[in-house]
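>>> Generate coordinates for the sequence data below:
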Amino acid sequence: MNGVNPNYLAALFLISIIGCTQRDDLTDNIDLHRVILFSKIPLDYRFLQPAAGGKCNFERVTKELNGDYSVVGWAIPSVDAKFVAKTYLISVDSNKSIRFGVTRKQERSDVADHFDNKQLLDVGFLARFKKSDLQSGACISIYQIYNRTMLKCNTNLYIKEDGIEPCP
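Residues are numbered from 1 along each chain as shown. Modelled structure (predicted):
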């Protein structure tokens with residue numbers, strides 16, 4: 001083995017004995033179901049035509065034991081829609097800024113049954129927020145990415161210390 005650096009061989013030997021592991025930069029307790037809020041609309045959606053419309057409902061806002069919040073609801077482009085939004089964005093508008101995040105989609109057979117339209121099955125959304133992301137005075141809105149537009153629902157939520165109500 002002429003010409004091979006002995007330090008290289010020693011390092012190779014140690015790696016084979018000790019093993020080589022790659023550590024993630026993320027902590028072990030990260031919750032991958034939380035909404036990650038961005039200071040602007042995510043790049044994939046910035047150039048879509050904004051419009052108001054659709055039907056939506058925020059059904060439940062739950063404050064969890066650790067102070068985090070969960071927001072559950074549904075949004076449809078119309079009662080007789082042939083297809084639904086591929087993505088739902090949620091915005092948090094506070095006195096300081098407006099931030100956007102992508103929600104998780106959920107099946108909602110109750111909504112499809114209510115409107116008697118089986119195309120409306122995949123119209124639910126779930127957004128979980130860290131306590132620090134959703135403070136009193138914030139206004140939450142939901143957007144549907146639908147037919148090259150970003151439909152903003154007319155329904156929104158205002159977070160207060162003693163509950164929720166429509167935004168002022």
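
>>> Could you use CA atoms for every contact and neighbour count after this?
Will do.

>>> going on from the least confident helix or strand in the chain by mean pLDDT, what's the next piece of helix or strand?
Least confident helix or strand of the chain, by mean pLDDT, DSSP states H and E, is helix 6-18 with a mean of 53. The helix or strand immediately downstream of helix 6-18 is strand 49-52, counting by DSSP states H and E.

>>> ok, residues contacting that next one?
For strand 49-52, contacts defined as CA atoms under 8 Å, 6 or more residues apart in numbering pick out 148-154.

>>> And it, how far out from the chain middle?
What separates the centre of strand 49-52 from the centre of its chain is 20 Å, taken as CA atoms, centre = their mean, to the nearest Å.

>>> so for stretch 94-110, what's the average pLDDT?
Average pLDDT, stretch 94-110: 92.

>>> export it as CSV, just CAs?
Only the C-alpha atoms of stretch 94-110 are listed here, as CSV (Å, rounded to 0.1, in the frame of the first residue of the first chain):
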residue,chain,number,x,y,z
SER,A,94,-51.6,41.1,13.7
ASN,A,95,-50.8,44.7,14.5
LYS,A,96,-47.2,44.0,13.5
SER,A,97,-47.5,42.0,10.3
ILE,A,98,-49.4,39.5,8.2
ARG,A,99,-48.0,36.0,7.9
PHE,A,100,-49.0,33.0,5.8
GLY,A,101,-48.8,29.3,6.1
VAL,A,102,-50.1,26.1,4.4
THR,A,103,-52.7,24.1,6.3
ARG,A,104,-53.2,20.3,6.4
LYS,A,105,-56.1,19.1,4.3
GLN,A,106,-58.7,16.7,5.8
GLU,A,107,-61.5,14.7,4.4
ARG,A,108,-65.0,16.0,5.3
SER,A,109,-67.7,13.6,4.3
ASP,A,110,-70.2,15.6,6.4
